[in-house]
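In: model this:
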Amino acid sequence: MAAPADTSGVADARRAARRAEKAPSGGWRTIAGKELADHLGSVRFVVLLLVVAIAAIVPMYFISTDISAAAPRVAGQPALFLVLFIGGSDQVGGVPMIALAALLVPLVGIAFGFDGINSERAQGTLSRLLAQPIHRDDIINGKFVAGIAVITLMLGALVILVTALGIVRLGIIPSPEELARVFVWLLATVLYASFWLAFALLLSVVIRGPASAALVGFGSWFGLILFGQFLLPLIANFLFPATTTTLGPYAYASTQSANLFLRISPAVLYDDIVRAVMNPSTTSVLGFGNIGQAISNAERVQTSLLTLDQSILLVWPQIVVLTALTTAMFALAYVLFLRQEVRA
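Out: Reported below is the predicted structural model:
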């Protein structure tokens with residue numbers, strides 16, 4: 001009578017073979033490195049870098065000229081170095097640098113994400129990527145990380161350049177508090193750009209054509225910036241009406257609900273964060289105005305400054321909501337990409 005075959009050894013060998021065939025856990029780093037190299041060597045990166053650099057350096061140059069001309073009057077003014085970022089010169093229409101950053105940062109995020117997935121699909125390289133020993137989610141994770149890395153590199157280099165030029169032109173050494181505020185503003189700007197990057201990746205997953213995804217992405221950015229401040233209050237008043245016949249507590253609840261509804265806009269959330277972080281004055285002495293207004297207010301009002309931790313606590317809910325919106329947008333793109341069918 002023949003002895004029973006030893007099936008346990010065969011099963012162990014099969015399990016060992018499956019474990020050996022598993023994709024490496026760091027596949028997203030490979031994808032991110034390749035995407036980052038492609039971004040840095042692309043014409044898109046050079047053009048966006050030049051546009052953002054001009055938008056950052058030109059207002060800083062004119063506001064530093066105004067500060068130098070008014071040096072006897074602004075000497076000793078607290079948080080003077082921050083005026084380089086939040087002050088506006090009449091020679092450029094009174095637009096501060098951070099306002100231009102809020103306008104152009106979504107453009108950067110969309111530009112680095114609208115063709116992340118659909119371009120691979122259109123070129124027929126997505127199926128080749130999936131045939132490699134990497135997990136499927138490594139592709140979208142790597143592309144998102146590469147987009148954040150190139151945006152952080154671009155914005156960080158520009159902030160360092162503006163800070164250095166401001167020190168050279170004004171001869172003012174910023175305090176650690178001011179440098180910390182600029183760093184927090186940089187982090188908030190990267191977070192804001194990450195939201196638009198996640199939105200662009202979502203469009204690249206849902207919309208097959210890169211041109212159509214770009215059109216929808218830039219159209220959404222343009223519509224939110226141009227019409228958001230008009231449409232959102234109308235929708236809030238429609239959803240939470242407060243009439244003259246409404247009782248006091250209900251009218252107050254309706255107003256508060258409308259204000260909370262207006263905070264769903266990432267642009268509004270980012271604006272609140274920037275105003276609190278970069279404008280530490282409790283009396284709006286260093287508000288988003290031109291340098292002449294700041295000087296005249298400083299001569300009449302005793303300035304009281306918030307500390308950095310107080311400013312962050314003031315807008316901590318906005319930071320949490322913006323982070324949650326960014327996470328939700330990327331999670332939606334992540335899930336839809338994993339559920340999509342990919343054909344060779």
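In: okay, and for the stretch 1-150 of the chain, where does confidence drop off?
Out: Using pLDDT under 70 as the threshold, the predicted model of the stretch 1-150 of the chain has low-confidence ranges 1-25, 70-79, 90-93.
In: 90 instead?
Out: Of all residues in the stretch 1-150 of the chain, those with pLDDT under 90 make up the ranges 1-30, 41, 51-104, 115-116, 118-137.
In: give me every residue that touches residue 108.
Out: 48, 52, 151, 154, 193, 196 (Cβ atoms under 8 Å, 6 or more residues apart in numbering). To be clear about C-beta, it is placed using only N, CA and C from the backbone, and glycine gets the same treatment.
In: Surely it is within a strand?
Out: No: secondary structure of residue 108, determined by DSSP: H, G, I helix; E, B strand; the rest coil: helix, with no strand assignment.
In: hang on, residue 264 in a helix?
Out: No: remark: residue 264 does not belong to a helix; assigned using three-state DSSP, it is coil.
In: phi, psi of it?
Out: Phi and psi for residue 264, reported as degrees, to the nearest 10, are phi -80, psi -10.
In: Quick check: it vs residue 188, distance?
Out: Counting by Cβ to Cβ, to the nearest Å, the gap between residue 264 and residue 188 amounts to 17 Å.
In: ChimeraX command for the buried members of the contacts of residue 108?
Out: The following ChimeraX command selects only the buried members of these, with burial defined by 16 or more other Cβ atoms under 10 Å:
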select :48,52,151,154,193,196
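In: Out of the contacts of residue 108, which sit inside helices?
Out: When DSSP state H is applied, those are split such that 48, 52, 151, 154, 193, 196 fall in helices.
In: rewinding a little: pick the one among the contacts of residue 108 closest to residue 111.
Out: Set against residue 111, the nearest of the contacts of residue 108 by Cβ to Cβ is residue 48 (5.9 Å).
In: do you know how far the closest one is from residue 150?
Out: Taken as Cβ to Cβ, the span from residue 48 to residue 150 is 9 Å.
In: Same check on residue 197?
Out: Distance, residue 197 to residue 150, using Cβ to Cβ: 10 Å.
In: Report pLDDT for the closest residue to residue 101 other than its chain neighbours.
Out: Residue nearest to residue 101 in three dimensions, not counting chain neighbours: residue 189, with 6.2 Å by Cβ to Cβ, 6 or more residues apart in numbering. Each residue has a pLDDT score; the one for residue 189 is 94.
In: For residue 57, what is the enclosing helix or strand?
Out: Secondary-structure element containing residue 57, defined by DSSP states H and E: helix 43-69.
In: buried residues in that helix?
Out: Using 16+ other Cβ under 10 Å as the test for burial, helix 43-69 gives 45, 48-49, 52, 55-56, 58-64, 66-67.
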